[in-house]
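> All I have is the shape, not the residue letters:
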């Protein structure tokens, strides 16, 4: 059988090793993308993979090779935050493993018309599911200055958020990515320390807000103890501290404050509470030096693994 060359996602070897799929097992790839994790799991064992993606384009592209795996592969259009609903629709109550790769895919960034990149001219969209919801243009053109500053500070960890929000208000409406990127660059100096583009954090913040990425992450995490079998594994690859903080504290059985504007939730880790997961790596696993050289996206990647406890 001639298979097309699969996309290689971040830390593929590590994900496959820790997931360790077995014959007859059922696994979920919550962020299907180009199908790198899905194909590797299906090739490693005679298992079944339920692949979820909110981007219909990714699922349409997969039709070119999905038939190679027959009934072992189920493609689902939707968000991983609704994972329980998707599994119920397929008649699946529990799975042996779940992997998610949080954030935007390289395919989405490279498509200028999607509006994720400040390097290409394109409509200021940023929706992962283009069939619904507000665009990034809707957000920057309608929110007040305080709300924009909070979004940029909270989700982009941008210390100059108020300056950026003021510049956005004074120069809107915005229609394209470069219009917005250039305004941000005009008020944010380039960092001599890391050299990243001044628009990076603002674009990250808008993307997270438009797609409710942290909300979806928290929904998925809360559902994971109910859908995973005992000794089933949860693997999460994240790319910045906001996501990693949520995942780390969840696996420990703690809650975490995401926003500086929200009240701190009551923690529920105490002597009477046993977290539903056993953490399999004390520290987040990082990409190898070789992978970092070959894939710049891998430099900031963190993998955390936990196993559903046997009670």
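On my side now, so go ahead. None of these values were measured; they are calculated from a predicted model.
> wait, doesn't residue 165 sit right on residue 148?
Yes - Residue 165 lies in contact with residue 148 (C-beta atoms under 8 Å); the separation is 4.0 Å. Glycine gets a C-beta too; all of them are placed from N, C-alpha and C.
> ok, which stretches of this protein are helices?
Taking DSSP state H as the test, the helices found in the chain are 12-19, 36-44, 56-62, 83-89, 106-110, 136-142, 145-156, 161-171, 177-187, 200-211, 213-227, 241-252, 289-294.
> I'd like to know which of those helices lies nearest to residue 98.
Each of the helices of the chain was scored for nearness to residue 98 using C-beta to C-beta, and the closest is helix 213-227 (6.1 Å).
> Identify the bridge partners of the closest residue to residue 286 other than its chain neighbours.
In this structure, residue 286 finds its nearest non-sequential neighbour in residue 302, 6.4 Å apart by C-beta to C-beta, 6 or more residues apart in numbering. On the basis of DSSP bridges, residue 302 is bridged to residue 238, residue 286.
> Span of stretch 284-297 from start to end?
Stretch 284-297 has an end-to-end distance of 16 Å (C-alpha to C-alpha, to the nearest Å).
> just stretch 169-177 next, same as before
16 Å.
> what does that stretch contact?
For stretch 169-177, the external contacting residues (C-beta atoms under 8 Å, 6 or more residues apart in numbering) are 112, 115, 117-118, 120-124, 137, 140-141, 144-145, 148, 168, 180, 183, 203.
> Equivalent analysis for stretch 75-91, please.
28, 30-32, 50-54, 56, 59, 62, 66, 74, 93, 95, 98, 100, 129, 212, 215-220, 223-224, 226-227.
> Of the residues you listed, select the buried ones using a ChimeraX command.
Entered in ChimeraX, the line below selects the buried ones among the contacts of stretch 75-91, by 16 or more other C-beta atoms under 10 Å:
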select :28,30,31,32,50,51,52,53,54,59,62,66,74,95,98,100,216,217,218,219,220,223,224,227
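> can you tell me how far residue 118 sits from residue 143?
Taking C-beta to C-beta, to the nearest Å as the measure, residue 118 falls 19 Å from residue 143.
> for residue 65, that is, sorry about that
Using C-beta to C-beta, residue 65 is found at 41 Å from residue 143.
> pLDDT value on the residue nearest to residue 286, please?
Listed pLDDT for residue 302 reads 95.
> what do you get for the one 3 residues further on?
What the model reports for residue 305 is a pLDDT of 97.
> ok, how many other residues are close to it?
By the measure other C-beta atoms under 10 Å, the count of residues near residue 305 is 22.
> OK, contacts around it?
If you count contacts by C-beta under 8 Å, 6+ apart, then residue 305 has 18, 233, 234, 235, 279, 280, 281, 285 around it.
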